[in-house]
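Enquirer: please work out how this folds:
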Amino acid sequence: MTEPTPSQAPAEKKGSATRQILGMKGASTTSNIWKIRLQLMKPVTWIPLIWGVLCGAAASGHFQWRPQEVLASLACMLMSGPLLAGYTQTLNDFYDRDIDAINEPYRPIPSGAIPLGQVKLQIIVLLLAGLGVAYGLDRWAGHTTPVLLLLALAGSFVSYIYSAPPLKLKQNGWLGNYALGASYIALPWWAGQALFGQLTWTTALLTLAYSLAGLGIAVVNDFKSVEGDKALGLQSLPVAFGIKRASWISAAMIDLFQLAMVAVLIAIGQNLSAVILVLLIIPQITFQDIWLLRDPVAFDVKYQASAQPFLVLGMLVTALAIGHSNLIAGTLAL
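Expert: Alright, predicted model coming up:
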């Protein structure tokens with residue numbers, strides 16, 4: 001499957017209004033400025049961050065289904081997803097406008113559907129709103145150290161150096177994809193756990209290890225951009241190793257580091273959760289064989305749609321097991 005040329009795009013995208021709203025590849029064009037703003041924020045990318053907050057809350061061992069806590073968790077999801085992930089995606093599109101002019105010329109910025117001044121304003125508004133919500137959540141939680149604000153600032157900084165020169169981490173396939181994986185798995189998990197409990201060094205290290213599976217997922221997103229990356233000298237893993245080898249690297253990272261979490265769960269006595277996690281990894285391997293390893297350029301969307309639900313369910317299983325273990329440890333300490 002090849003990307004349509006600019007002349008083909010409008011004809012082939014009449015039925016893809018939903019993709020336009022979600023910010024997915026293959027979107028239709030629109031003149032509605034608010035739909036364009038939403039497309040820049042890529043709502044489809046909010047889901048793992050919202051899920052990460054849920055996992056962090058579960059791992060805290062202290063979340064309860066009370067109105068105040070539910071509202072606080074929703075505010076944390078708003079901060080992590082629509083606001084800060086929206087900031088990240090808009091910022092990325094701003095600095096990727098030359099690449100998108102090659103790979104996806106029908107996107108809002110290279111097509112001229114939205115002026116650059118309005119894009120910059122959107123970046124600033126989303127960032128300030130995200131930081132404001134983080135500060136409010138720290139006040140609600142009674143934090144003496146503004147943990148959530150610090151996490152939001154750190155994540156925003158990583159997003160900036162990922163996309164913007166001179167560092168532009170995404171120029172390096174390994175470093176850039178790990179920064180992306182950690183931002184989508186570790187940071188929202190830490191936010192959810194810090195909001196309702198205590199963020200420990202053990203959990204922080206475990207989630208950073210889990211983020212290496214996120215690195216594998218991030219590689220999948222690079223297959224669609226190979227031509228533009230080559231033209232602009234970006235060393236994504238598909239450019240550096242070739243598409244076939246990069247698909248094997250992606251699959252290996254996704255599987256091996258989930259299996260490492262299985263070993264961790266066994267080590268802390270959460271054997272049932274370890275078995276469930278293994279059962280969730282098996283279909284991921286199956287879909288890798290069907291889609292990812294055969295033709296990742298053609299089947300990247302199908303692979304992610306079929307395999308990622310099992311990965312995120314595995315994250316929740318791991319989080320609940322850690323939360324249960326933390327709760328037992330706290331009870332024994334009393």
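
Enquirer: let me see the contact set for Leu148.
Expert: Leu148 sits next to Cys76, Met79, Ala134, Tyr135, Leu137, Asp138, Ala141, Ala191, Ala194, Leu195 when contact means C-beta atoms under 8 Å, 6 or more residues apart in numbering. C-beta: built from backbone N, CA, C; applies to glycine.

Enquirer: now do the strands in the protein.
Expert: Counting by DSSP state E, the chain has no strands at all.

Enquirer: could you list the low-pLDDT ranges of the stretch 1-150 of the chain?
Expert: 1-28 (pLDDT under 70).

Enquirer: now do the contacts for the residue nearest to Leu316 when sequence neighbours are not counted.
Expert: In space, and not counting its chain neighbours, Leu316 is closest to Cys55: 5.5 Å by C-beta to C-beta, 6 or more residues apart in numbering. Residues in contact with Cys55, defined by C-beta under 8 Å, 6+ apart, are Pro188, Trp189, Gly192, Met315, Leu316, Thr318, Ala319.

Enquirer: wait, the fourth one touches Gly214, no?
Expert: No: in terms of C-beta atoms under 8 Å, Met315 does not count as a neighbour of Gly214; the distance is 9.7 Å.

Enquirer: touching both of these two, which residues are there?
Expert: Ile185.

Enquirer: okay, now Gln68: neighbour count?
Expert: Using other C-beta atoms under 10 Å, Gln68 has 9 neighbouring residues.

Enquirer: cool, Trp201 as well?
Expert: By other C-beta under 10 Å, the burial measure for Trp201, its neighbour count, is 7.

Enquirer: so for the residue nearest to the spatial centre of the chain, what's the nearest residue that isn't a sequence neighbour?
Expert: Geometric centre of the chain, nearest residue: Tyr184, 3.4 Å, by C-alpha atoms, centre = their mean. Nearest non-adjacent residue to Tyr184, counting by C-beta to C-beta, 6+ apart: Pro48, 4.8 Å away.

Enquirer: repeat for Ile254
Expert: Nearest one to Ile254, counting by C-beta to C-beta, 6+ apart, is Gly216 at 3.7 Å.

Enquirer: now do the contacts for that neighbour.
Expert: Gly216 neighbours (C-beta under 8 Å, 6+ apart): Gly181, Ile249, Ser250, Ala251, Ala252, Met253, Ile254, Asp255, Phe257.

Enquirer: hmm, 6 Å instead?
Expert: Gly216 makes contact with Ser250, Met253, Ile254, according to C-beta atoms under 6 Å, 6 or more residues apart in numbering.

Enquirer: may I ask which of the contacts of Cys55 has the most neighbours?
Expert: In terms of neighbours by other C-beta under 10 Å, those top out with Trp189 at 34 neighbours.

Enquirer: quick one: contacts for Phe257?
Expert: With C-beta under 6 Å, 6+ apart, Phe257 has these contacts: Leu212, Ala213.

Enquirer: please report how far it lies from Leu292.
Expert: Distance, Phe257 to Leu292, by C-beta to C-beta, to the nearest Å: 16 Å.

Enquirer: what's the neighbour count on Leu131?
Expert: 19.

Enquirer: isn't it up against Ala154?
Expert: No: between Leu131 and Ala154 there is no contact under C-beta atoms under 6 Å: 11.3 Å.

Enquirer: would you confirm that Gln89 contacts Val44?
Expert: No: using C-beta under 6 Å, Gln89 is not in contact with Val44; the gap is 9.6 Å.

Enquirer: looking at those two, which is more packed in?
Expert: Using other C-beta under 10 Å, the more surrounded residue of Gln89 and Val44 is Gln89, with 23 against 16.

Enquirer: which non-adjacent residue is nearest that one?
Expert: Closest to Gln89 by C-beta to C-beta, 6+ apart is Lys42, at 4.2 Å.

Enquirer: quick one, phi psi at the one you found?
Expert: Reported as degrees, to the nearest 10, the phi and psi values for Lys42 are phi 50, psi 70.

Enquirer: that one: neighbour count?
Expert: Neighbour number of Lys42 under other C-beta under 10 Å is 18.

Enquirer: measure it to Asp93 for me?
Expert: For Lys42, the distance to Asp93 - C-beta to C-beta - is 8 Å.

Enquirer: sorry, back to before: quick one: the residue nearest to the centre of the chain from Cys76, how far?
Expert: 15 Å.

Enquirer: now Ile282
Expert: For Ile282, the distance to Cys76 - C-beta to C-beta - is 32 Å.

Enquirer: the more surrounded of these two?
Expert: Cys76 (29 against 10).
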